[in-house]
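Peer 1: Turn this into a structure:
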Amino acid sequence: MSLLTACASLPQHPGGQRFIQPGVSFTPPADSQWSVAMLSTYQTMLATNGKIANESFIVATQLFQIPPFSSKDEFLKFVQKGRSSEPQTGRFETIKNQETLYEQREEICVKHKAASKDCGAKRGGEYSIYETYGMNCIHPKNTKVGVFIELSRKAPAGTSNDDFDRFGENLLKSVQFSDFR
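Peer 2: This next block holds a predicted model:
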């Protein structure tokens with residue numbers, strides 16, 4: 001059974017249409033109807049089922065306070081340190097992790113692409129695959145605010161989705177920043 005089967009009463013958001021929250025907006029992948037699983041002033045989570053059994057996708061955003069940075073490289077190190085300080089519970093085994101400055105954007109952003117084995121969510125096998133494609137940015141209209149946005153995919157081991165990187169890149173390119181008022 002998939003996570004979203006029991007959540008049918010959640011508000012819906014059509015894929016391919018701009019989702020607006022204070023300070024930032026984005027366009028989730030177009031080929032799905034997205035359930036709004038969390039919506040607050042500083043966080044959102046949209047979820048949908050994938051095309052194969054036990055595959056799910058989430059688009060998550062979070063706004064958070066950040067210190068001042070004197071350079072892009074200093075921000076990159078800050079993001080790398082934050083991502084590496086996640087609790088090491090043994091549930092996740094990293095397969096790949098890339099964190100780089102996202103030079104294709106005008107704003108100061110760090111893009112990440114990662115994949116892990118998730119031994120806590122079996123989905124019919126020994127483990128599941130957990131993939132992420134996202135970025136952290138310094139909000140251009142308020143440099144005390146960091147913006148996190150990420151597309152994640154969870155699916156049975158041995159499955160792949162050839163569109164995941166394209167969906168992730170399109171999501172990041174769709175991000176627009178705005179005033180908070």
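Peer 1: Need the per-residue pLDDT for residue 178.
Peer 2: Residue 178 carries a pLDDT value of 96.
Peer 1: What of residue 91?
Peer 2: Residue 91 is given a pLDDT of 87.
Peer 1: which residue packs closest to the residue most central in space within the chain, ignoring adjacent ones?
Peer 2: Central residue of the chain (C-alpha atoms, centre = their mean): residue 150, 1.3 Å from the mean position. In this structure, residue 150 finds its nearest non-sequential neighbour in residue 134, 2.8 Å apart by C-beta to C-beta, 6 or more residues apart in numbering. In this view, the C-beta of every residue, glycine as well, is placed from N, C-alpha and C.
Peer 1: Show me what that neighbour is bridged to.
Peer 2: With DSSP bridges as the criterion, residue 134 is bridged to residue 112, residue 150.
Peer 1: Tell me how many other residues crowd it.
Peer 2: Number of residues near residue 134 (other C-beta atoms under 10 Å) recorded here: 21.
Peer 1: Pull up the gap between it and residue 55, please.
Peer 2: Residue 134 is 18 Å from residue 55, where distance means C-beta to C-beta, to the nearest Å.
Peer 1: Report the buried residues of stretch 148-161.
Peer 2: Within stretch 148-161, the residues scored as buried using 16 or more other C-beta atoms under 10 Å are 148-156, 159, 161.
Peer 1: shaky segments in this structure?
Peer 2: Where the chain drops to pLDDT under 70, the residues are 1-9, 123-124.
Peer 1: Spell out, range by range, the strands that occur in it.
Peer 2: Here the chain has its strands, by DSSP state E, at 12-14, 19-21, 24-26, 33-39, 43-49, 56-65, 92-101, 109-118, 128-138, 145-156, 176-177.
Peer 1: And the contacts of the second one?
Peer 2: Same thing as strand 19-21. 13, 25-28, 39, 41, 44, 46, 59, 61 (C-beta atoms under 8 Å, 6 or more residues apart in numbering).
Peer 1: All set, thanks.
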